[in-house]
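# below are the sequence and a predicted model; questions follow.
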Amino acid sequence: MIIAIDGPAAAGKGTLARRLAAEFGFAYLDTGALYRAVGLTLLKRGIDPADTTAAEDASANLDLSLFDDPELRAEATGGAASKVAAMPRVRANLLDFQKNFAANPPGGKKGAVLDGRDIGTVVCPDADLKLFVTASAEVRAERRRLEMEGRGQAADFDAILADVRARDERDMGRKDAPLKPAEDALLLDTSNLDIDAVFLRAANLVKDRLTPQ
Ligand code: CDP
Ligand code: CDP
């Protein structure tokens, strides 16, 4: 069973994906972390994230230690990630790992949940369940602000909103694997739904698909 969760920045994809994976005993892959690791490699080396050659090299030699780096979650890293994510060779370099994860979930698990921007359209076009999770840009920026505040980081709503919008535009506007719902994706607008409500709806959809017809 493969569950594909796509959507714009801070829509609640990761929170939902993690809970579904825990509930059903599936493996979870945060594909955004792969692009973030490439972006962060360049930031740490003082290289412009628009440097295609450096980004292609970083994606071909992914620095796995960065997955535990607190800077991986920073909005600046998200911005760098969305720049390298527009480069076709970078996407191609990261694709096999994601496809393999879905085809052979680690730990012998019977299913996988992947979240990102192109899971339903490119990485797992045959996924059993595709969800496109959205919320208004204002709601998403406020969620990110609260998250940062909770981590003790300075968080200005207007600056976060501008970053989130710029990133969404870049992700929707690129030629290669742009952010968009797959034709067979179910849209879930979470603007007025809390985490539990979103989880319950999604979990019911998974149960429907696990039950033999
Ligand atoms: O993975 P993505 O960037 O789409 O979002 P996330 O990291 O799962 O969620 C961003 C923040 O919004 C987290 O702090 C969640 O707890 C929160 N959230 C929420 O308040 N209400 C929801 N329905 C979903 C997420
Ligand atoms: O958690 P949040 O929604 O803020 O971002 P993320 O999922 O960690 O993704 C960071 C960036 O990586 C996105 O803005 C996209 O540009 C890129 N990305 C992508 O292009 N394709 C994916 N499957 C996942 C992420």
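Right, received. Where do you want to start? Ligands and ions are numbered 1, 2, ... in the order given.

# flag every residue of the chain that's near ligand 1.
Residues of the chain found near ligand 1 (C-beta under 6 Å from any ligand atom) are 7, 9-15, 143, 147, 190, 193-195, 198. All C-beta spots, glycine's among them, are computed from the backbone N, C-alpha and C.

# which one of these is nearest to residue 86?
Taking C-beta to C-beta as the measure, residue 86 lies nearest residue 9 of those, at 14.8 Å.

# burial count for the closest one?
When counting by other C-beta atoms under 10 Å, one arrives at 25 neighbours for residue 9.

# how about the contacts made by it?
Residue 9 makes contact with 78, 140, 144, 164, 167-168, 171 under the criterion C-beta atoms under 8 Å, 6 or more residues apart in numbering.

# could you dump the residues you listed into JSON lines and include secondary structure?
Output for these, formatted as JSON lines (DSSP: H, G, I helix; E, B strand; the rest coil):
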{"residue": "78", "secondary structure": "helix"}
{"residue": "140", "secondary structure": "helix"}
{"residue": "144", "secondary structure": "helix"}
{"residue": "164", "secondary structure": "helix"}
{"residue": "167", "secondary structure": "helix"}
{"residue": "168", "secondary structure": "helix"}
{"residue": "171", "secondary structure": "helix"}
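
# redo the residues you listed as TSV? Include neighbour count, distance to ligand 2 and pLDDT.
What follows is the contacts of residue 9, written out as TSV (neighbours: other C-beta atoms under 10 Å; distance: C-beta to the nearest ligand atom, whole Å; pLDDT from 0 to 100):
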residue	neighbour count	distance to ligand 2	pLDDT
78	22	5	95
140	24	8	98
144	21	7	95
164	23	8	95
167	21	5	95
168	20	8	96
171	21	5	97
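
# show me which pair in those is furthest apart.
144 and 171 (15.3 Å).

# paired strands for the host helix or strand of residue 113, with orientation please.
When elements are assigned from DSSP states H and E, residue 113 belongs to strand 112-116. Partner strands and pairing direction for strand 112-116 (DSSP bridges) are strand 2-6 (parallel), strand 27-30 (parallel).

# other SSEs contacting the host helix or strand of residue 146?
Using DSSP H and E, residue 146 sits within helix 137-150. Secondary-structure packing of helix 137-150 (3 or more C-beta pairs under 8 Å, 6 or more residues apart in numbering; DSSP states H and E): helix 157-173.

# so which elements touch the helix it packs on?
helix 75-84, helix 137-150.

# how far out from the middle of the chain is it?
Relative to its parent chain, helix 157-173 has a centroid offset of 15 Å by C-alpha atoms, centre = their mean, to the nearest Å.

# could you point out which element follows that helix?
Per DSSP H and E, the first helix or strand lying C-terminal to helix 157-173 is strand 186-189.

# so what's the closest residue to residue 60 other than its chain neighbours scoring on pLDDT?
Spatial nearest neighbour of residue 60, chain neighbours left out: residue 93 (5.0 Å); criterion: C-beta to C-beta, 6 or more residues apart in numbering. Model confidence at residue 93, expressed as pLDDT, equals 98.

# flag every buried residue along the helix or strand containing residue 93.
Assessed by DSSP H and E, residue 93 sits inside helix 88-103. Using 16 or more other C-beta atoms under 10 Å as the test for burial, helix 88-103 gives 89-91, 93-95, 98, 101-102.
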